[in-house]
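> I'd like to go over a predicted model; first the sequence, then the structure.
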Amino acid sequence: MKKTTAFFREAKKSGEKITMLTAYDYSTARLEDEAGVDSILVGDSLGNVILGYENTLKVTMEDMIHHSAAVARGAENALVVTDMPFMSYQTSVYDAVVNAGRLVKEGSADAVKLEGGVKFAPHIRAIVGASIPVVAHIGMTPQSVNVFGGFKVQGKSEEAARQIIADAKAVEEAGAFAVVLECVPADLAAYISEILTIPTIGIGAGAGCDGQVLVYQDMLGMYSDFVPKFVKRFANVGEAMKTGFKEYIDEVKNGAFPAKEHTYAISGGVMDAIREDK
Ligand code: KIV
């Protein structure tokens with residue numbers, strides 16, 4: 001059964017942990033969906049892990065729509081949340097609503113995610129007002145990397161922690177149905193999870209959050225350009241892929257692949273007739 005925002009609300013009440021993973025294509029979305037993940041995030045992290053950029057700033061609406069639509073085709077049960085890319089909502093409340101609408105209409109997203117707290121509460125309110133569910137994203141927000149001066153833990157000082165608490169309250173008040181807390185101290189994330197009525201989804205924010213999200217290439221060992229401290233490697237798919245690629249290369253080079261069982265036969269006599277024509 002398709003998960004909806006009601007599942008997030010009920011999970012918060014019952015204490016069931018919410019699982020979210022990123023995906024950017026149909027086959028990965030299908031595998032995650034079949035494994036039973038609650039929600040799939042089409043993250044703008046695709047800028048890093050799919051397109052090879054050093055950050056997410058170059059990702060476009062067209063990139064997000066293209067990948068979101070592919071994921072949505074593979075996600076029968078999981079709720080698909082699609083990231084609003086850099087400059088698709090920062091420019092105005094109007095742009096935020098128009099672009100959130102495009103992610104739903106053209107990208108088949110069930111919900112959208114945007115980075116920012118107090119400053120973006122009007123944008124969240126307007127998108128929710130247009131009947132599009134919103135996940136907020138606060139703490140370390142990668143689209144602000146140039147303001148933060150790098151990918152750094154946020155909310156360590158009292159002032160910074162109070163700002164993140166204010167952001168969390170503001171996005172809840174604006175109507176977000178969940179909030180991602182990225183790279184914030186575990187005690188602060190646990191406190192925010194206690195005081196909010198909407199679920200918190202943590203990434204580098206400890207076990208006190210109501211759910212967790214990871215970039216799938218990180219947790220499967222498929223991306224090694226940058227591996228944050230909070231990543232746990234649940235499988236070594238990167239090594240398994242390299243082994244498979246190497247075996248393919250060897251077998252093609254030495255003629256072992258393709259074997260007879262990988263080929264198609266032609267009707268008897270056809271090749272003899274063709275050869276006679278020579
Ligand atoms: O883009 C992304 O993958 C994200 C997660 C890191 C939460 O926003």
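Sure thing, it's come through. Numbering: from 1, shown residues only.
> Domains in this protein, by residue range?
5-235, 240-275 (automatic domain parsing).
> where's the closest residue to residue 123 other than its chain neighbours, which helix or strand?
Nearest non-adjacent residue to residue 123, counting by CB to CB, 6 or more residues apart in numbering: residue 96, 4.0 Å away. Yep, even glycine has a C-beta here, placed from its N, CA and C like the rest. Element membership for residue 96 (DSSP states H and E) is helix 93-105.
> List the strands paired with the very next helix or strand once past that helix, with their directions.
Moving toward the C-terminus from helix 93-105, the next helix or strand (DSSP H and E) is strand 111-115. Take DSSP bridges as the rule and strand 111-115 pairs in its sheet with strand 79-83 (parallel), strand 134-139 (parallel).
> want to throw these into TSV with mean neighbour count and distance to residue 116?
Formatted as TSV, the strands paired with strand 111-115 follow (neighbours: other CB atoms under 10 Å; distance: least, CB to CB, whole Å):
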stretch	mean neighbour count	distance to residue 116
strand 79-83	28	12
strand 134-139	28	7
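> quick one on the thing from earlier: for the helix holding residue 96, which positions count as buried?
Neighbour counts over helix 93-105 (16 or more other CB atoms under 10 Å) mark 93, 96, 97, 99, 100, 101, 102, 103, 104 as buried.
> Keep only the residues you listed that also lie close to the ligand.
Among the buried residues of helix 93-105, proximity to the ligand is found for none (CB under 6 Å from any ligand atom).
> Kindly reformat these as CSV containing pLDDT.
CSV is the format used below for the buried residues of helix 93-105 (pLDDT from 0 to 100):
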residue, pLDDT
93, 98
96, 98
97, 98
99, 98
100, 99
101, 99
102, 99
103, 99
104, 98
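> Farthest-apart pair in those residues, please.
Largest separation among those by CB to CB: 93 and 104, giving 16.9 Å.
> And the helices in the stretch 151-278 of the chain?
158-174, 186-195, 216-219, 237-254, 270-276 (DSSP state H, counting those that start in this stretch).
> Now the residue of the chain found nearest the ligand. Nearest residue, chain neighbours left out?
Residue nearest to the ligand within the chain: residue 43 (2.3 Å; CB to the nearest ligand atom). Distances taken as CB to CB, 6+ apart place residue 22 nearest to residue 43, at 4.4 Å, with adjacent residues excluded.
> Got phi/psi on the one you found?
In terms of degrees, to the nearest 10, the main-chain angles of residue 22 are phi -80, psi 150.
> now swap in the one 5 residues further on and tell me
The phi and psi torsions at residue 27 (degrees, to the nearest 10) take the values phi -70, psi -40.
> The residue nearest to it when sequence neighbours are not counted and residue 102, how far apart?
Once flanking residues are discounted, residue 27 sits nearest to residue 74: 6.7 Å by CB to CB, 6+ apart. Going from residue 74 to residue 102 by CB to CB, to the nearest Å gives 20 Å.
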